[in-house]
Structures are given as structure tokens and as C-alpha cells.
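Peer 1: I would like to see how this sequence folds:
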Amino acid sequence: MYAIKTEKLTKYYGKHRGITDVDLSVEMGDFFGFIGPNGAGKSTAIRTLLGLISASSGKAEVLGIDVNKNTTEILKNVGYLPSDTEFYSGMRVKDIISFSARLRRKDCKKEADELCERFDLDPSRKVDELSLGNRKKVGIVCALQHKPSLYVLDEPTSGLDPLIQREFYSVLKERNEDGATVFLSSHILPEIGRYCKHAAIIREGRILACDSVEKLGNTGVKRVTLRGFCGELGLLHVKDVKRENDTVNFLYGGEPSSLLKELSNLEFKDINITDPDLEEIFMHYYVKEEEK
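Peer 2: Take a look at the predicted model:
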């Protein structure tokens, strides 16, 4: 059984595109990243596959349940964090967390207390007094406290300071190692590369690529840096050239043997050839789509 399975999932808002023909398969126990810039369709996809908004066409199953048939059962077993967290004004943090637990008819006090301590969240404060980051923490505790089998987290670290981000991912890794599935949307690419096993890249509502993070990174492109170089490159298959004084670096998309042959005709003092980072890989898929 898949934790998440969609087929041609499509959502339009009138004539405006939300998502189009989204096919996703997320295995149980996976740590899955959903990558795309703001406006790419990540939140629309998440809300549609959870049954919070109705699809225009296509199918979606979460934990083996058709989202059109039993949204309540799905949400009971999902820890969902929306990208924007809103709460009833005037309530204290502990009351919001308790209210969230009662909606699921569970006693989560012990787990909630532990999460508040780990995230340095004061449960006695009123939600109206909280910063954006602390409001996000409240949403995270509400999503995690009942220990569901699936976590669906939409831009979960926006507003969090680096230390809390690290602690948040420590909790997710622990839950994942215990068998839970994590589905995480983000436009912060290092997060995906560091923590996720598989990922999908979305642009303008369509999936561009979906595979293991390792295979997504296997594009054949290399980042090349030449130091002590002052001439003209004149190389084929070169993109994203950057110069600073006598140093030049660029992305090379041709065969490695061709690169070495072409470099042998250039004069430079030092060279460094590395795999590109995830952000450069992300742009590689976007450029490929534009060239179609």
C-alpha cells in the first residue's frame, strides 16, 4: 500500500491553473520531498490530495483511502501542517494544543509537553502574543503530538530559527525511523537534499521529475572551477558561467572525456570539478523544461 498515490490529479480554479495531471507514488515509510518555488502548485496539490479542496479531475488515495470517500478517516491518521498557521484569537498555546488533541479523541499531553520542551515553546502564552516562528511551532506540535502514520508538512520550517529547524528535523527522522511516512513540501533545496530519500520537482502545476534524491542529482552535469585563468573558454555544453578576477566557474553538461580533452587546450593554475548542489540540479530540470 502506498502512503500517497495520485493519478492525473488536476485542480483548476475557474480558468486558472492549480495543478495538472499530477502523478505521485509515495511508499509507506518514505521521507519524501516535494520541491518547487512559491506558486508552483505544492499547496494546491497537498490540499487536494487531503480532500480539503475538491479535485477537478483525477484520483488520489491517502493511506489506501480514496480522498473523495472518507476525508475524515484520512485526516485522523495524518499530521498536517499548512503553510500558513492560523488560530483562534485569545486562546493560550496549551489550549490550542489540547483542542487539537481532543479533535482526534486522543490524550496527547505527555507527547505535547515533550515537543514544547524540544522546540522551546511556552504553552502558557497567548497565541496573539507569539511571533511568526512561535506560531509555526504551535502548528508543528499540533501536527506531531498524536504520532500519526503519515506527516504532510507544507513549508514547515519557514519562520523557524536554525536551531529549531535542526531539532524539528531530528524529530522527523526519529518518527521516520519508527516507520512513519513524511511528505514534505519546500522551496529550501538544502533541506530536501539533506533529509529526503525521494523527491518530486513541480513547476507550474506539473511534475517535471520524480525519483530518489540520488538519481535526481545524477544529471551528468558537473560544476567546474578554473583558477588562474584569464582567457576565453570556448567550450561546448557550458552554462551558468561566472567570473571573478582570474577565477571562472561554470556548469558542464557534456561527456567527461570531452571536457578533459577541451580543458587540455586551456591554460590555468588549478582546477576543481564537483557535482552540482541541489539548487543547481533543480535549475537543470527547469531549463530542460523551457527548452522543450
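Peer 1: quick one, strands of the stretch 101-250 of the chain?
Peer 2: Under the criterion DSSP state E, counting those that start in this stretch, the stretch 101-250 of the chain contains strands at 150-154, 181-186, 198-203, 206-212, 222-227, 238-244, 247-252.
Peer 1: now those strands as JSON lines including mean neighbour count, distance to Asp30 and mean pLDDT?
Peer 2: Quick note: C-beta positions are derived from backbone N, CA and C, even for glycine. JSON lines is the format used below for the strands of the stretch 101-250 of the chain (neighbours: other CB atoms under 10 Å; distance: least, CB to CB, whole Å; pLDDT from 0 to 100):
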{"stretch": "strand 150-154", "mean neighbour count": "24", "distance to Asp30": "10", "mean pLDDT": "96"}
{"stretch": "strand 181-186", "mean neighbour count": "24", "distance to Asp30": "6", "mean pLDDT": "94"}
{"stretch": "strand 198-203", "mean neighbour count": "22", "distance to Asp30": "6", "mean pLDDT": "92"}
{"stretch": "strand 206-212", "mean neighbour count": "17", "distance to Asp30": "10", "mean pLDDT": "91"}
{"stretch": "strand 222-227", "mean neighbour count": "18", "distance to Asp30": "29", "mean pLDDT": "90"}
{"stretch": "strand 238-244", "mean neighbour count": "12", "distance to Asp30": "31", "mean pLDDT": "85"}
{"stretch": "strand 247-252", "mean neighbour count": "20", "distance to Asp30": "30", "mean pLDDT": "88"}
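Peer 1: ok, which of the ones you listed comes nearest Asp23?
Peer 2: Nearest to Asp23 among these is strand 206-212 (6.4 Å), distances taken as CB to CB.
Peer 1: average pLDDT for stretch 66-80?
Peer 2: Taken as a whole, stretch 66-80 has a mean pLDDT of 90.
Peer 1: if we can go back for a sec, would JSON lines of the strands of the stretch 101-250 of the chain with distance to Ala101 be doable?
Peer 2: Supplementary listing: those in JSON lines, determined by distance: least, CB to CB, whole Å:
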{"stretch": "strand 150-154", "distance to Ala101": "16"}
{"stretch": "strand 181-186", "distance to Ala101": "21"}
{"stretch": "strand 198-203", "distance to Ala101": "31"}
{"stretch": "strand 206-212", "distance to Ala101": "34"}
{"stretch": "strand 222-227", "distance to Ala101": "48"}
{"stretch": "strand 238-244", "distance to Ala101": "49"}
{"stretch": "strand 247-252", "distance to Ala101": "49"}
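Peer 1: which residues touch Arg223?
Peer 2: Asn249, Phe250, Leu251, Tyr252, Ile273, Thr274, Asp275, Pro276, Asp277, Glu280 (CB atoms under 8 Å, 6 or more residues apart in numbering).
Peer 1: what's the longest helix in the chain?
Peer 2: Identified as the longest helix of the chain according to DSSP state H is helix 162-177.
Peer 1: what's that one in contact with?
Peer 2: By CB under 8 Å, 6+ apart, the residues outside helix 162-177 that reach it are 29, 31, 115, 118-120, 133, 137, 140, 144, 147, 151, 156-157, 160, 182, 184, 191, 194-195.
Peer 1: looking at those, which are in helices?
Peer 2: Short answer: these in helices (DSSP H) are Leu115, Arg118, Gly133, Lys137, Ile140, Leu144, Glu191, Arg194, Tyr195.
Peer 1: what number of residues lie near the second one?
Peer 2: Taking other CB atoms under 10 Å as the criterion, the count of residues near Arg118 is 16.
Peer 1: wouldn't Ser258 be in contact with Lys222 here?
Peer 2: No: judged on CB atoms under 8 Å, Ser258 makes no contact with Lys222 at a distance of 11.5 Å.
Peer 1: what residues are shared contacts of the two?
Peer 2: Common neighbours of Ser258 and Lys222, using CB under 8 Å, 6+ apart, do not exist here.
Peer 1: report the contact partners of the closest residue to Tyr12 other than its chain neighbours.
Peer 2: Leaving aside its chain neighbours, Tyr12 sits nearest to Ser56 (4.8 Å; criterion: CB to CB, 6 or more residues apart in numbering). By CB under 8 Å, 6+ apart, the contact set of Ser56 is Thr10, Lys11, Tyr12, Gly18.
Peer 1: so Met91 sits against Leu130, correct?
Peer 2: No: look at Met91 against Leu130 with CB under 8 Å: they stay out of range, at 11.0 Å.
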